[in-house]
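Asks: Requesting a structural model of the entry that follows:
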Amino acid sequence: MKILIIGGAGYIGSHAAREFLDRGHEVTVYDNLSSGLRENLFPEAAFIHGDIHDYTALARIMKGAPDPYAPAYPVPSGARPFDALVHLAASKAAGESMLKPEKYSLNNINGTVNILNAASEAGVKYIVFSSSAAVYGEPEYLPIDEKHPARPENYYGFTKLEIERILGWYDKLRGIRFAALRYFNAAGYDVKGRIKGLEQNPANLIPVIMEAACGMRKEVKIFGNDYGTPDGTCVRDYIHVSDLAAGHALALDYISKNGVSLSLNLGSETGNSVLEVLETARRVTGKPIPSTMADRRPGDPAKLTASSALARSTLGWKARHSDLETLIGTTWEAYRGEKS
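Replies: Numbers count the residues shown, from 1 in each chain. You can find the predicted model right below:
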């Protein structure tokens, strides 16, 4: 298939691009490089430096224009439109979304509407969307499955849920089939070491620990040690980014072959506490990794774990690389290589 990966130079996007290339698809990456990196691009994939707010460029590239910014218009005759797109272009910091809702409205909701309108105009029929477990909000039961109430507690999660609802309407009205993949905590790096570009300004636990191991930050702050968990620290479901990438490819296969849309969790179904992650990182890296205790953060639940039973039964997907040793080990290889 001819696939456009929007946000394909980013952390998850580059892993998705690599997965689709490995499976023999024709891949084009469309990215404004605001957080993505040129070093995460692959020579086998075409690259267009563009923005999702540029509707004219989006529409032309989806119709198959080799250069959406060329003065020639309309699209050259014989151009082949894309069969499918993967949408990974969004602002994603939950805390920031509560302070800057305008940014998240513009980038996440308006940007997605641009993408969908361009896809509709070009006749693109399949979309894989990077959603989030943030759509669920505070867990009412564990593990969280797709039947769990969707009541996001931050504006970031709200935007993801609204996008899923908008996708549902474009499915009904324009026949665009979609897979909304609800990630839990993405971590790790390509298990074959082919992706080296580090996340910019990371806020998630494992890259923060790696920065402390490399001396890029002084210490790791542990927010609360009095939760009702075995060691008192929060427990989270970490999913390897290579497993996520495989989920994207399997989801596209499914919706294109079956002509239906779906929303699925992608998680490891196991939980690891902050202290478990930290101690594993100390062992794998051989670094002391200083840490200090801090107050709880408002809204942090004690435990979050996923049920991925639907992804298993529907897609045949399973988490193959999401054990803690692989998550930490592949991340450390990327950070050690970058900072050596």
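
Asks: what does stretch 275-285 rub up against?
Replies: Residues outside stretch 275-285 that contact it (C-beta atoms under 8 Å, 6 or more residues apart in numbering): 205-206, 209-210, 213, 220, 222, 225, 231-233, 238, 272, 287-289, 291, 324-325, 328-329, 332, 336. Backbone N, C-alpha and C define where each C-beta goes, glycine included.

Asks: Same question for stretch 57-65.
Replies: 4, 28, 30, 48, 50-52, 68-69, 73, 75-76, 79-82, 85, 114-115, 117-119, 121-122, 124.

Asks: then it to PDB, C-alphas only?
Replies: Taking Å, rounded to 0.1, in the frame of the first residue of the first chain, the C-alpha atoms of stretch 57-65 are listed here in PDB:
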ATOM      1  CA  ALA A  57      -0.400  21.100   0.800                       C
ATOM      2  CA  LEU A  58      -2.200  18.300   2.600                       C
ATOM      3  CA  ALA A  59      -4.800  17.900  -0.100                       C
ATOM      4  CA  ARG A  60      -2.200  18.000  -2.900                       C
ATOM      5  CA  ILE A  61       0.100  15.500  -1.300                       C
ATOM      6  CA  MET A  62      -2.800  13.100  -0.500                       C
ATOM      7  CA  LYS A  63      -3.700  13.200  -4.200                       C
ATOM      8  CA  GLY A  64      -0.200  12.100  -5.100                       C
ATOM      9  CA  ALA A  65       1.500  15.400  -6.000                       C
END
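
Asks: Give the rounded mean pLDDT of it.
Replies: Stretch 57-65 carries an average pLDDT of 93.

Asks: let's number from 710 now, not from 1
Replies: Sounds good: first residue 710 from here, last item stretch 766-774.

Asks: Which secondary structure element is home to Ile712?
Replies: Here Ile712, judged by DSSP states H and E, is contained in strand 711-715.

Asks: helices or strands up against the next helix-or-strand element following that strand?
Replies: Sequence order places helix 720-731 as the next helix or strand after strand 711-715, per DSSP H and E. The contact analysis (3 or more C-beta pairs under 8 Å, 6 or more residues apart in numbering; DSSP states H and E) places helix 720-731 against strand 711-715, strand 735-740, strand 793-796, helix 950-967.

Asks: rerun that using 10 Å as the cut-off
Replies: strand 711-715, strand 735-740, strand 793-796, strand 835-841, strand 894-896, helix 950-967 (3 or more C-beta pairs under 10 Å, 6 or more residues apart in numbering; DSSP states H and E).

Asks: List the buried residues of the strand holding Ile712.
Replies: Ile712, Leu713, Ile714, Ile715 (16 or more other C-beta atoms under 10 Å).

Asks: pLDDT averaged over stretch 946-959 - what is it?
Replies: Confidence over stretch 946-959 (mean pLDDT, whole number) is 98.

Asks: quick one on the thing from earlier: put the buried members of the contacts of stretch 766-774 into a ChimeraX selection.
Replies: Filtering the contacts of stretch 766-774 down to the buried ones (16+ other C-beta under 10 Å) takes a single ChimeraX command:
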select :713,737,739,757,759,760,761,777,784,790,791,794,823,824,827,828,830,831,833
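
Asks: Show only the entries of the contacts of stretch 766-774 found in strands.
Replies: In strands, defined here by DSSP state E, the members of these are Leu713, Thr737, Tyr739, Ile757, Leu794.

Asks: The last one bridge partners, please.
Replies: In other words, Leu794. As for beta bridges, Leu794 partners with Leu713, Ile836 under DSSP bridges.

Asks: before we move on, the earlier item: take the ones in strands among the contacts of stretch 766-774 and write them to CSV, including distance to Glu985 and pLDDT.
Replies: Below are the ones in strands among the contacts of stretch 766-774 laid out as CSV (distance: C-beta to C-beta, whole Å; pLDDT from 0 to 100):
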residue, distance to Glu985, pLDDT
Leu713, 39, 98
Thr737, 40, 97
Tyr739, 38, 97
Ile757, 42, 96
Leu794, 37, 98
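
Asks: Among those, list the two that are farthest apart in space.
Replies: Ile757 and Leu794 (12.5 Å; C-beta to C-beta).

Asks: Need the residues touching each of those two.
Replies: Leu713, Ile715, Thr737, Tyr739, Leu767, Ile770 (C-beta atoms under 10 Å, 6 or more residues apart in numbering).
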